[in-house]
Every structure is written in structure tokens, then in C-alpha cells.
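[1] Need a 3D model of the following:
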Amino acid sequence: MLKLQEVEACYGSSQALFGVDFTMETGGVVTLLGRNGMGKTTTIRAIMGMTPVTGGHILFEGSEIHRLPSYSIARLGFGLVPEGRQIFPNLTLKENLLATAANHSRSSDPYTLERVLSIFPRLEERLGNYGNQLSGGEQQMLAIARALMTNPKVLILDEATEGLAPLIREEIWRGLTLLKNKGEAILIIDKNLEALMQIADRHNIMEKGRVVWSGSSTELAEQRQLKERYLGI
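    Numbers count the residues shown, from 1 in each chain. Coordinates of the predicted model:
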């Protein structure tokens, strides 16, 4: 479904990605792991057309997308939950969900307001609240629900649960598990390795702008030295 081949990217004269390779299958859940500053967010920005790709190829459903503008990439079927959430603070929760709602992927069973509220029931109690009146955890649920309202083929989460209270994190992982069971393709960056190993089909560890290891949760569980070296666990 999604394939990165030898992808390179720069910020000005500083190169950030050095030949990144990984793939996602339809309906698969894939992670990008690594310490801060290793290129995970830059990889997502490259996929979304927000950071120019200077080398290599990004293919989605067999077609190259890395030369397209961000809005065209989004319309192909990508839903981004960015680090920092970036919800609209002066719109109500309901308005946030409806403002960008679309079915660009032409799903026969699209996400609706009722469906996303069933995944995160807490949001239904806050429909009339403005974005800046929500807690951090509620804002993150809203950001995920807003991405789902675009009916993406690939849901991308940058720091899915960072800085959230344990109970909120549990709600988000429960919601993501529901999405996986529905067959959603999900690309996740997060530091909660235990939760990621429960939900993900495949992991990619990044170090200094490269993918240095890829494998399943079972394989990663057996790699103690690998986790110590690259993840600090």
C-alpha cells in the first residue's frame, strides 16, 4: 500500500533522512521507533509532502506521490494526527469534526459523526465545547476523530499518547485497537513500546535518519540489546 525506497530529505542545507526504506500493507499497523531527533517526524512530513524529498521514491498504491503537494496527498487517502494536535481552538468540538469531513477515498462505509463518537464516547459529552476548553487528552481524541472524518486509507499519528494521563492513554489505545480490528492501516510514532507491541504488525527503528531495523513484535521482544541501544529501554 505504502512504500518508501531510499528516501532522502533535507531542511535547507542539513540532510535529515538518509535512504529511508519501509513498507506498509493494506490494513497493517506499522510503527516508527527511535529516540528524539532520529528522523521519525521528518519521515511523516516527507510522506505528507510537507518536507521536500530530495532523493528516493514514495509510492502509494503503486503510484509515486512525493512530487505532489500536501493537499493532493491528503486527498489520496492520508489522515494525519500531527504532534501538538493543531485543532481549531475557536470552533466547537462538533465544528472541528465537520469542518474537514470528506470521503476522498470514496469509502462505501464512511466514517460519520456518530461512528467516530462511538470510538471515543467521551467526545460526545463535549460536542458544544470549544477546542480550547478541552483537556489535552480530549484534544488528542478529537484530532484522531477529525482525521477519521476524512475517511483516510492510511491514518498517521505523530506521538499518539505523549504527555497524556494513563487513563486517557488507555482510551486512545482502546480506540486504535478498534480501528485495527476494522482493518484500518495505521502508521504510529509513540514511545509506549508495550502498547505498540500489542497493536502493531511491524516495527521500524530509526537512527540518525535511517531505518536500522525492521521486524515483528515477536522479533522485537527478543532483541533486548537492540532496544537498549536504540530505544534506551
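[2] what does stretch 169-176 rub up against?
    Outside stretch 169-176, the residues that touch it by Cβ atoms under 8 Å, 6 or more residues apart in numbering are 29, 119-120, 122, 137, 140-141, 144, 157, 160-161, 164, 186, 188, 192, 195, 198-199. For glycine as for every other residue, the C-beta is placed from the backbone atoms N, C-alpha and C.
[3] for stretch 81-93, same thing?
    So stretch 81-93 is contacted by 41, 95-96, 99, 123, 126-132, 134, 136, 138-140, 142-144, 146-147, 155-160, 162, 189 (Cβ under 8 Å, 6+ apart).
[4] can you do 7 Å?
    41, 96, 99, 123, 126-132, 134, 139-140, 142-144, 146-147, 156-159 (Cβ atoms under 7 Å, 6 or more residues apart in numbering).
[5] again, but for stretch 143-154
    Taking Cβ under 7 Å, 6+ apart as the criterion, the residues outside stretch 143-154 that touch it are 2, 24, 77-81, 85, 87, 96-97, 100-105, 107, 110-111, 116, 120, 123, 155, 175, 185, 187.
[6] Please flag which of these sit within helices.
    In this view, those that belong to helices under DSSP state H are 77, 96-97, 116, 175.
[7] Show me what the least confident helix or strand in the chain by mean pLDDT is packed up against.
    Counting by mean pLDDT, DSSP states H and E, the weakest-scoring helix or strand in the chain turns out to be helix 224-231, with a mean of 85. Counting contacts by 3 or more Cβ pairs under 7 Å, 6 or more residues apart in numbering; DSSP states H and E, helix 224-231 is packed against no other helix or strand.
[8] can you pull out the helices in the protein?
    40-47, 70-77, 93-99, 113-119, 136-148, 166-181, 193-199, 217-221, 224-231.
[9] could I get those helices as TSV with distance to Glu8?
    Formatted as TSV, those follow (distance: least, Cβ to Cβ, whole Å):
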stretch	distance to Glu8
helix 40-47	9
helix 70-77	18
helix 93-99	35
helix 113-119	36
helix 136-148	27
helix 166-181	30
helix 193-199	26
helix 217-221	26
helix 224-231	21
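[10] Tabulate those (JSON lines), appending distance to Glu207 and mean neighbour count.
    Shown next, in JSON lines, are these (distance: least, Cβ to Cβ, whole Å; neighbours: other Cβ atoms under 10 Å):
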{"stretch": "helix 40-47", "distance to Glu207": "11", "mean neighbour count": "23"}
{"stretch": "helix 70-77", "distance to Glu207": "26", "mean neighbour count": "16"}
{"stretch": "helix 93-99", "distance to Glu207": "36", "mean neighbour count": "19"}
{"stretch": "helix 113-119", "distance to Glu207": "34", "mean neighbour count": "16"}
{"stretch": "helix 136-148", "distance to Glu207": "27", "mean neighbour count": "23"}
{"stretch": "helix 166-181", "distance to Glu207": "25", "mean neighbour count": "16"}
{"stretch": "helix 193-199", "distance to Glu207": "16", "mean neighbour count": "16"}
{"stretch": "helix 217-221", "distance to Glu207": "15", "mean neighbour count": "15"}
{"stretch": "helix 224-231", "distance to Glu207": "6", "mean neighbour count": "14"}
